[in-house]
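[1] with the input below, show me the fold.
(one chain, ligands or ions: 2)
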Amino acid sequence: MRKFLKTLFPVDIFKGMKLTGTHFAKVFATANRRKVKMHVTEEYPEVPVKLAPRFRGRLTMLKDEQGEIKCVCCLACEKICPTQVITIESGKKEGRKTKIPTRYDFEMERCIFCEFCVESCGFDSIILNHQFELAAYNREDFSIGMLGESQNMFGLTPVGKFSYSDED
Ligand code: SF4
Ligand code: SF4
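    Residues are numbered from 1 along each chain as shown. Ligands and ions are numbered 1, 2, ... in the order given. Reported below is the predicted structural model:
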């Protein structure tokens with residue numbers, strides 16, 4: 001009989017709702033007293049997300065004021081990367097004293113965003129930018145890189161199917 005009544009009147013649900021309501025009222029009252037903004041969710045993607053200055057997004061190569069690739073192929077980032085996702089090949093460019101990467105591959109799907117590569121770079125040539133929308137349909141699309149100066153290792157370019165080598 002008791003079981004039947006319980007089925008008929010879902011007392012436990014009301015108990016749970018009462019508990020939730022009490023908590024909500026308490027939080028609301030406290031927030032009002034402290035003048036805390038109750039709205040804690042972001043209207044993403046309509047409103048851009050405010051990221052912390054030190055947010056670690058996608059690995060990106062930098063150029064200097066003259067538009068030259070800053071990387072000098074010291075290979076420090078490649079060596080320090082704990083997941084071994086950076087592959088660099090170096091070359092020479094006329095008029096440039098230091099080496100220049102002819103290939104810089106970054107397999108992002110295995111990057112753990114530790115920032116060791118950036119810290120190890122003594123030439124401020126790479127950063128982890130604020131790009132966080134990094135979804136892709138295919139595994140290959142996470143392999144990004146550069147060959148020459150136009151591929152997606154620079155800036156906020158989309159994740160795409162760019163993994164180059166001189167042989168491609
Ligand atoms: S952030 Fe860490 S895991 Fe990612 S490429 Fe740099 S060193 Fe490697
Ligand atoms: S540590 Fe900096 S300069 Fe050295 S290879 Fe990496 S990106 Fe280039």
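
[2] state which strand of the protein is the longest.
    Longest strand in the chain by number of residues (criterion: DSSP state E): strand 100-107.

[3] what parts of the protein come near ligand 1?
    Residues of the chain that fall close to ligand 1, judged by C-beta under 6 Å from any ligand atom: 59, 81-83, 85-86, 111-117. Using the backbone N, CA and C atoms, a C-beta is placed for each residue, glycine as well.

[4] try 8 Å this time
    By the rule C-beta under 8 Å from any ligand atom, the part of the chain lying against ligand 1 is 56, 59, 77, 80-86, 106, 108, 110-118, 120, 128.

[5] which phi and psi does the residue sitting nearest the centre point of the chain have?
    What sits nearest the mean C-alpha location of the chain, by C-alpha atoms, centre = their mean, is G57, with 2.8 Å. Here is the backbone geometry of G57 (degrees, to the nearest 10): phi -100, psi -140.

[6] ok, and the closest non-adjacent residue to it?
    Q131 (4.4 Å; C-beta to C-beta, 6 or more residues apart in numbering).

[7] so the one you found makes contact with R58?
    Yes. Using C-beta atoms under 8 Å, Q131 makes contact with R58 at a distance of 4.5 Å.

[8] the two: who's more crowded?
    Set Q131 next to R58 and count neighbours by other C-beta atoms under 10 Å: R58 wins out with 22 against 17.

[9] which residues does the more buried one contact?
    For R58, the contacting residues are M108, L128, N129, Q131, F132, L134, I144, V159, by C-beta atoms under 8 Å, 6 or more residues apart in numbering.

[10] from the residues you listed, list the buried ones, please.
    Buried members of the contacts of R58, scored by 16 or more other C-beta atoms under 10 Å, are M108, L128, N129, Q131, I144, V159.

[11] I figured the first one hits F142, correct?
    Yes. The pair M108 and F142 passes the contact test of C-beta under 8 Å, sitting 4.5 Å apart.

[12] pick out the most distant pair among the buried ones among the contacts of R58.
    Spanning the widest gap among the buried ones among the contacts of R58 are L128 and V159, at 14.2 Å by C-beta to C-beta.

[13] kindly export stretch 63-76 (C-alpha atoms) in CSV.
    Output in CSV follows, covering the C-alpha atoms of stretch 63-76 (Å, rounded to 0.1, in the frame of the first residue of the first chain):
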residue,chain,number,x,y,z
LYS,A,63,57.2,36.8,-38.0
ASP,A,64,59.3,39.9,-37.3
GLU,A,65,58.4,43.5,-38.3
GLN,A,66,59.9,42.8,-41.8
GLY,A,67,57.7,39.8,-42.2
GLU,A,68,60.5,37.4,-41.8
ILE,A,69,60.0,34.1,-40.0
LYS,A,70,61.6,34.5,-36.6
CYS,A,71,62.5,30.8,-36.2
VAL,A,72,66.2,30.1,-36.7
CYS,A,73,65.9,26.3,-36.5
CYS,A,74,67.7,25.7,-33.2
LEU,A,75,65.4,22.7,-32.7
ALA,A,76,65.0,23.4,-29.0
